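Chemist: What follows is a predicted structure for the sequence shown.
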Amino acid sequence: MNANIIFIITLLLCMHGHALAMHENSNRDKLLFFAAEHGRLVSLKAVIVLGVNVNAQENTKDGDTALMIAASEGHKRCVAFLLKQPGIKVDQCNKTGSQALDFAVELGYKQCAALIRQALKKPSI
């Protein structure tokens, strides 16, 4: 099933208090990561409204967060939105020790890197 369709169904179920959708954190996490990877800001906002943990790590070998994923794809608007979320861990490391800033810098996404630096209050690299 298309990820957009799954997202819409999950969102509708959650809006109507469906217990299964409300308690399936792994599904909401997957939607968070999908939205971050594909630059889907509206979807990202909707999943966060549903109460997903913005610092959740993907269940992969690297364990990236939504912020790391958005930064590695150069999705400036998603990065900016995630950085405004209460409790966001800007300097969180994945399983390999990399942070969102590392991805943005290494992949040449200067605007994303600048946003993350500002959030970290770090000088330019």
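Modeler: Looks like it arrived, so ask away.

Chemist: rest of the way, CA atoms for contacts and neighbours
Modeler: Fine.

Chemist: Tell me the pLDDT of the closest residue to G39 other than its chain neighbours.
Modeler: Of all residues not flanking G39 in the chain, H75 sits nearest, at 5.5 Å (C-alpha to C-alpha, 6 or more residues apart in numbering). What the model reports as pLDDT for H75 is 98.

Chemist: so after the helix or strand encompassing S72, what's the next helix or strand?
Modeler: In this structure, S72 sits in helix 66-73 according to DSSP states H and E. Where DSSP H and E defines the elements, the next helix or strand beyond helix 66-73 is helix 76-83.

Chemist: ok, and for that next one, which residues are buried?
Modeler: K76, R77, C78, V79, A80, L82, L83 (16 or more other C-alpha atoms under 10 Å).

Chemist: on that earlier part again, how close does the residue nearest to G39 get to Q99?
Modeler: Distance, H75 to Q99, using C-alpha to C-alpha, to the nearest Å: 16 Å.

Chemist: same check, this time on K45
Modeler: 22 Å.
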